[in-house]
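A.B. asks: Mind looking at a prediction? Sequence and model below.
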Number of protein chains: 2
Amino acid sequence: MLLQPSSKRTTCGTADEVSGLRMTRQRQEVYRVLLAQRDHPTANDVFMRVKDGLPNISLATVYNCLEALVAHNLVRQVNFEREPSRYCPNLEEHGHFHDQGTGVIHDVKFKPGITLADVLELPRGAVIQDVEINLRGQLRLA
Amino acid sequence: MLLQPSSKRTTCGTADEVSGLRMTRQRQEVYRVLLAQRDHPTANDVFMRVKDGLPNISLATVYNCLEALVAHNLVRQVNFEREPSRYCPNLEEHGHFHDQGTGVIHDVKFKPGITLADVLELPRGAVIQDVEINLRGQLRLA
DNA sequence: CCCGATAGCAAGAATTATTCTAAATTCATG
DNA sequence: CATGAATTTAGAATAATTCTTGCTATCGGG
Ligand SMILES: [Mn+2]
Ligand SMILES: [Mn+2]
Ligand SMILES: [Zn+2]
Ligand SMILES: [Zn+2]
């Protein structure tokens, strides 16, 4: 899962053929930044962080990289209401809890052994490709 | 719950004080259109439908009316990814299933007796104010 | 009924996250 | 090294939504 710059390998046929994604310096740095601080940053947040290592990167490239990482399932895009999209490198199935008090978005695990069909009356024959569970609330310490 | 034009009543102290929303012709028509065809229309869809009855209504007013109805919990706003918001007059707690084949968005009921805490490992002390469950997939007939 | 105050509406401009365009650069491959 | 494909960049364009402003409707008290 640790991806290397593609310059070191052939495009098709080695480790990252799994994802089929060419790992450029920009994509690598965007991905590294997402792993380093898992606070669900926006594209602009990522842009600012990535500029430390790649001062010439453009915002359009950050969007391109994020889109590529999402398309190849290395990163998930998280949308709350109509706010700017956020990005999450946690690949386990999980939901998100937005704490209105602090603004922090927490990952929320599913309880083990629970499946969607246990909880929802899905339409007959529905094949689910994507699940999005977003919660808003407050963290009230007892 | 059936709201009347406010001209027939005082602003504070009668039936729609429950919601505190003054029912203008525009809000009434927007709400009526949502109840009449429960296909989760966008603001622009609502605009086009409402123009039959109110040819001079503006899109900004449709947005204002939808915002007012949502703020007073008569209508829910439904967001899939970054697509235009859709609007749903079903006030029961429910999720949404977007059928990629037809583009139709279906309401999805929760199974009776299930609560979020049964399914998710919520952060300690989390008080949930809003739940959003959005599914994407295909309706494959067996 | 009349009046001043408040709320809502309409038209168009502004906002802003995101996407697109086009030219330059980088890269894989032979 | 040459070639073509993929990627990056800067800036323009897009589009859903929000904002501004002037007007209209409605409210509630006298
Ligand atoms: Mn941010
Ligand atoms: Mn539509
Ligand atoms: Zn996450
Ligand atoms: Zn619905």
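C.D. replies: Structure received. Ligands and ions are numbered 1, 2, ... in the order given.

A.B. asks: which regions of chain A lie under the pLDDT threshold?
C.D. replies: For chain A, applying pLDDT under 70 flags the ranges A:1-19.

A.B. asks: ok, which stretches of it are helices?
C.D. replies: Using DSSP state H, the helices of chain A run over residues A:25-36, A:43-50, A:59-71, A:116-119.

A.B. asks: And the third one, what's buried?
C.D. replies: Which is helix A:59-71. Using 16 or more other C-beta atoms under 10 Å in any protein chain shown as the test for burial, helix A:59-71 gives A:61, A:62, A:63, A:65, A:66, A:68, A:69. From N, CA and C alone the C-beta is placed, and that goes for glycine too.

A.B. asks: hmm, back to that, what's the closest of the helices of chain A to residue A:125?
C.D. replies: For those, distance to residue A:125 was read as C-beta to C-beta. The smallest value, 12.3 Å, belongs to helix A:116-119.

A.B. asks: ok, is the closest one in contact with chain B or not?
C.D. replies: Yes. Residues of helix A:116-119 are located near chain B by C-beta under 8 Å from any C-beta of the partner chain, namely A:116, A:118, A:119.

A.B. asks: ok, so of the residues you listed, who is nearest ligand 2?
C.D. replies: Using C-beta to the ion, the shortest approach to ligand 2 within those belongs to residue A:116, at 26.0 Å.

A.B. asks: Domain boundaries for chain A, per the record?
C.D. replies: Using automatic domain parsing, the domain ranges for chain A come out as A:17-86, A:95-137.

A.B. asks: and these as JSON lines, adding distance to ligand 1?
C.D. replies: Putting those into JSON lines (distance: least, C-beta to the ion, whole Å) gives the following:
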{"stretch": "domain A:17-86", "distance to ligand 1": "4"}
{"stretch": "domain A:95-137", "distance to ligand 1": "8"}
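
A.B. asks: possible to save those domains as a markdown table with distance to residue B:43?
C.D. replies: Written out in a markdown table, the entries for the domains of chain A read as follows (distance: least, C-beta to C-beta, whole Å):
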| stretch | distance to residue B:43 |
| --- | --- |
| domain A:17-86 | 12 |
| domain A:95-137 | 21 |
